[in-house]
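Peer 1: give the three-dimensional model of this entry:
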Amino acid sequence: MSTTTYVLVPGFWLGASAWRSVADSLREQGHAVHAVDLTGMGERAHLATPETDLTTHVDDVVRLLEEHDLHDVVLVGHSYGGPVITGAADRAPERVARLVYVDTGPLPDGTAQADFDGPEARAANERVVMTDGDGWRLPPPPWAALAADVPEVDDATVATLVAGSQPQPWRTATEPVALTGAWERLPRTGVLCTFGVEQMREMGQHVPALAHMVDGDWTYVELPTWHWPMVSRPAELAEVLGSVAG
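Peer 2: Numbering: from 1, shown residues only. Sure thing, here's the model as predicted:
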């Protein structure tokens, strides 16, 4: 079996540890895996500042690719990690073999992550940032409440999520993506967890933020679970990622 190099990028609040079970499974398959602690997150939480933004995190991934001289990479992003891997692939497309979006997708140029759920949700988050986040950080969500109806997630897993969470620098959500289009020639896989292929295609026709989810060289895999499949169904997610190797 040939070895594939994976770079795993987490979404809001989480660091590389969120990928631990998936990374271990991929390594058992013989692959090389780099799980990323973005600036201000995970073990790099102490580096967070009010200026930490999306560009900071794109820089993190590009630097990893360059410093390790990685090529033919499967670049995997979960949730907010979607815009991060898109930006990194746009900067270094020659190093990337495939983009994998885990319950997320590439945002159109000029769109910010905070815009995805609409102006009311953005305003609500901004109020939380001002009242509970020192004006520049979005606190982690109530993991136990979110997982209450998810049978695959037990109390120990919730405790791990709580321990591994950090407030998210809000500028990472409000800085719009800036893309040249170089990433668009890369093949992409969408791992759909909270909605299926048909629903995604329907929304993609009417929701501008989802336009890139239906245009381009896509394959789709449905993995029904909650929004954090690396926690609720890690073995299955690793199997899906392994299937796109090569």
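
Peer 1: all strands for this protein, in order.
Peer 2: Per DSSP state E, the chain carries strands over the ranges 5-9, 32-35, 73-78, 96-102, 137-138, 168-169, 188-192, 218-222.

Peer 1: of all the ones you listed, which one is nearest A209?
Peer 2: Closest approach to A209 among the strands of the chain (Cβ to Cβ): strand 96-102, 13.0 Å. In this view, the C-beta of every residue, glycine as well, is placed from N, C-alpha and C.

Peer 1: can I get that closest one in CSV? Just the C-alpha atoms.
Peer 2: Output in CSV follows, covering the C-alpha atoms of strand 96-102 (Å, rounded to 0.1, in the frame of the first residue of the first chain):
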residue,chain,number,x,y,z
VAL,A,96,-1.8,19.5,-2.6
ALA,A,97,-3.3,16.4,-4.2
ARG,A,98,-6.8,16.6,-2.8
LEU,A,99,-8.9,18.8,-0.5
VAL,A,100,-11.3,17.1,1.9
TYR,A,101,-14.0,19.1,3.6
VAL,A,102,-15.5,17.5,6.7
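
Peer 1: return the list of strands paired to that strand, each annotated with direction.
Peer 2: Using DSSP bridges, strand 96-102 pairs in its sheet with strand 73-78 (parallel), strand 188-192 (parallel).

Peer 1: where does the chain dip in pLDDT?
Peer 2: For the chain, residues meeting the criterion pLDDT under 70 lie at 1, 246.

Peer 1: if you set the cut-off to 50 instead, what comes out?
Peer 2: The model of the chain has no residue with pLDDT under 50.

Peer 1: ok, back up a step: deepest of the strands paired with strand 96-102, which one?
Peer 2: Of all the strands paired with strand 96-102, strand 73-78 has the most neighbours on average by mean count of other Cβ atoms under 10 Å, namely a mean of 28.

Peer 1: what does that strand contact?
Peer 2: The contact list for strand 73-78 (Cβ atoms under 8 Å, 6 or more residues apart in numbering) reads 4-11, 18, 61, 65, 83-86, 88-89, 95-104, 228, 230, 241, 244-245.

Peer 1: distance to A112 added to the strands paired with strand 96-102, as TSV?
Peer 2: Converted to TSV, the strands paired with strand 96-102 look like this (distance: least, Cβ to Cβ, whole Å):
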stretch	distance to A112
strand 73-78	16
strand 188-192	21
